[in-house]
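>>> give me coordinates for this.
(one chain, ligands or ions: 4)
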Amino acid sequence: MLVTGNDILIPARAGHYGVGSFNTNNMEITQAIIHTAERLRSPVMVQMSEGAIKYGGQDLANIVIDLARRATVPVALHLDHGSSYESALKAIKMGFTSVMIDASHHGFEDNVKETKRVVEAAHAMGISVESELGRLGGIEEHIVVDEKDAFLTDPEEAVQFIEQTGTDYLAIAIGTSHGAFKGKGRPYIDHARIEKIASLTSIPLVAHGSSGVPQEIVERFRKAGGEIGDAAGIADEDLQRATGFGIAKVNVDTDLRLASTVGIREALTANPKEFDPRKIFGPAREVMSQVIEHKMRVLGSVGKA
Ligand SMILES: O=C(COP(=O)(O)O)NO
Ligand SMILES: [Ca+2]
Ligand code: NA
Ligand SMILES: [Zn+2]
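Ligands and ions are numbered 1, 2, ... in the order given. Predicted structure coming up:
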């Protein structure tokens with residue numbers, strides 16, 4: 001059933017488990033996400049970035065909304081990295097049931113102002129809101145945040161920010177970063193910071209940049225002709241520890257990008273004569289489902305629906 005982000009994340013924080021929020025850009029990715037959630041009896045969030053909205057528009061949103069409505073587990077459709085008040089409201093008009101306003105590149109005051117505006121409008125329409133305090137490294141959809149600017153979330157500021165904005169859930173910067181190259185080897189996750197913020201707040205917390213970049217998938221990507229440098233993601237143990245302390249929404253995009261490309265590359269290299277799109281895009285669904293299943297087991301959301 002199609003629900004709001006709060007319907008999924010409030011129980012997740014209370015139950016000390018994480019719920020994957022997976023980015024989609026087409027039908028096959030959406031099917032892999034929602035069908036795997038149903039098979040594992042897991043709540044799930046499907047998210048579209050502004051780039052995905054540009055790419056698939058209402059057509060893609062409608063695919064997500066229809067699958068979500070018919071799903072036997074709770075599913076929310078979430079706007080990922082909304083960059084403005086207008087963008088957030090447009091998404092709500094499109095049928096999204098959760099929106100992020102990402103104003104974390106502004107100073108504290110401006111972030112509060114922008115976030116508050118979206119919270120008031122979204123709440124008037126029964127939609128829940130994600131906002132962000134602090135800056136991840138790596139590429140954010142519309143902003144390149146280089147290392148020196150990346151700053152981690154201050155626990156006291158987080159309390160103030162939540163009070164002043166009324167945000168329903170909060171994305172915090174605690175060492176993760178977007179993309180396939182999260183650091184040399186195992187990225188450092190500031191667990192003390194997560195635990196401090198969790199001890200001072202009661203709303204669900206959000207971890208962006210949480211793809212694990214599984215080495216097995218990276219190897220298959222290279223073997224099937226893909227080119228990628230030394231990719232690294234978040235360790236399963238770090239995610240498990242974080243979901244024990246308030247992290248309830250866990251954003252995953254890169255893992256699905258790699259998995260779907262592995263499926264497609266392997267289909268094309270294995271059968272050079274193949275030109276039936278179902279034989280080419282279908283395998284992508286399989287590889288994505290395996291990656292999604294692993295993530296749901298790591299986060300502890302299996303059986304929680
Ligand atoms: O935070 C993310 C995705 O992060 P990854 O690149 O680690 O999948 N989307 O908002
Ligand atoms: Ca941001
Ligand atoms: Na988001
Ligand atoms: Zn993100």
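>>> is ligand 1 contacted by the helix or strand hosting residue 248?
According to DSSP states H and E, residue 248 maps onto strand 247-252. Yes. Judged by C-beta under 6 Å from any ligand atom, strand 247-252 comes into contact with ligand 1 at 251-252. (Each C-beta comes from the backbone N, C-alpha and C, glycine too.)
>>> is ligand 3 contacted by that strand?
No. Strand 247-252 lies out of reach of ligand 3 by C-beta under 5 Å from the ion, never closer than 5.7 Å.
>>> helix or strand right after that strand?
Counting by DSSP H and E, what follows strand 247-252 is helix 254-270.
>>> hang on, the earlier thing: list the helices and strands the strand holding residue 248 packs on?
helix 5-14, strand 19-23, strand 205-207, helix 236-243, helix 277-299 (3 or more C-beta pairs under 8 Å, 6 or more residues apart in numbering; DSSP states H and E).
>>> export these to JSON lines and tack on distance to residue 58?
JSON lines is the format used below for the helices and strands packed on strand 247-252 (distance: least, C-beta to C-beta, whole Å):
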{"stretch": "helix 5-14", "distance to residue 58": "20"}
{"stretch": "strand 19-23", "distance to residue 58": "18"}
{"stretch": "strand 205-207", "distance to residue 58": "26"}
{"stretch": "helix 236-243", "distance to residue 58": "33"}
{"stretch": "helix 277-299", "distance to residue 58": "21"}
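>>> of these, which approaches ligand 2 most closely?
Of all these, strand 205-207 sits nearest to ligand 2, with 11.1 Å by C-beta to the ion.
>>> which elements pack onto the closest one?
Packing partners of strand 205-207 (3+ C-beta pairs under 8 Å, 6+ apart): strand 169-172, helix 191-200, strand 247-252.
>>> partners of it in the sheet?
Sheet pairing of strand 205-207 (DSSP bridges) gives strand 169-172 (parallel), strand 247-252 (parallel).
>>> check contacts around whichever residue of the stretch 151-300 of the chain sits closest to ligand 4.
Proximity of the stretch 151-300 of the chain to ligand 4 (C-beta to the ion) peaks at residue 208, 3.4 Å away. Residues near residue 208 by C-beta atoms under 8 Å, 6 or more residues apart in numbering: 132, 136, 171, 176, 178, 251.
>>> out of these, which is nearest to residue 19?
residue 251 (10.5 Å; C-beta to C-beta).
>>> so for the nearest residue to the closest one once chain neighbours are set aside, what's the pLDDT?
Spatial nearest neighbour of residue 251, excluding adjacent residues (C-beta to C-beta, 6 or more residues apart in numbering): residue 208 at 4.6 Å. For residue 208, the pLDDT comes out at 97.
>>> quick check: phi and psi on residue 208?
phi -90, psi 170 (degrees, to the nearest 10).
>>> again, but for residue 211
Given degrees, to the nearest 10, the pair of backbone angles that residue 211 has is phi -70, psi 150.
>>> rewinding a little: who wins on neighbours among the contacts of residue 208?
Comparing the contacts of residue 208 by number of neighbours (other C-beta atoms under 10 Å), residue 176 comes first, having 28 neighbours.
>>> from residue 304, how far off is it?
23 Å (C-beta to C-beta, to the nearest Å).
>>> ok, the strand ranked longest in the chain near ligand 3 or not?
Ranked by residue count, the top strand of the chain under DSSP state E comes out as strand 75-82. Yes. Residues of strand 75-82 contacting ligand 3 under C-beta under 5 Å from the ion: residue 80.
>>> what comes up buried for that strand?
75-82 (16 or more other C-beta atoms under 10 Å).
>>> what mean pLDDT does the helix or strand following that strand have?
Helices and strands here follow DSSP H and E; after strand 75-82, the next one along the chain is helix 85-94. Mean pLDDT, helix 85-94: 98.
>>> quick one: helix 85-94 to strand 75-82, angle?
Computed by axes from the mean of the first three to the mean of the last three C-alpha atoms, to 10 degrees, the angle separating helix 85-94 from strand 75-82 equals 160 degrees.
>>> how about helix 85-94, which residues are buried there?
85, 87-92, 94.
>>> about what we covered before: okay, the helices and strands packed on strand 247-252 in TSV with mean neighbour count next?
Output for the helices and strands packed on strand 247-252, formatted as TSV (neighbours: other C-beta atoms under 10 Å):
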stretch	mean neighbour count
helix 5-14	22
strand 19-23	28
strand 205-207	26
helix 236-243	20
helix 277-299	19
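>>> ok, which of those comes nearest residue 115?
strand 205-207 (13.4 Å).
>>> show me what the helix or strand following the closest one is packed up against.
Per DSSP H and E, the first helix or strand lying C-terminal to strand 205-207 is helix 215-223. When contacts are defined as 3+ C-beta pairs under 8 Å, 6+ apart, helix 215-223 packs onto helix 254-270.
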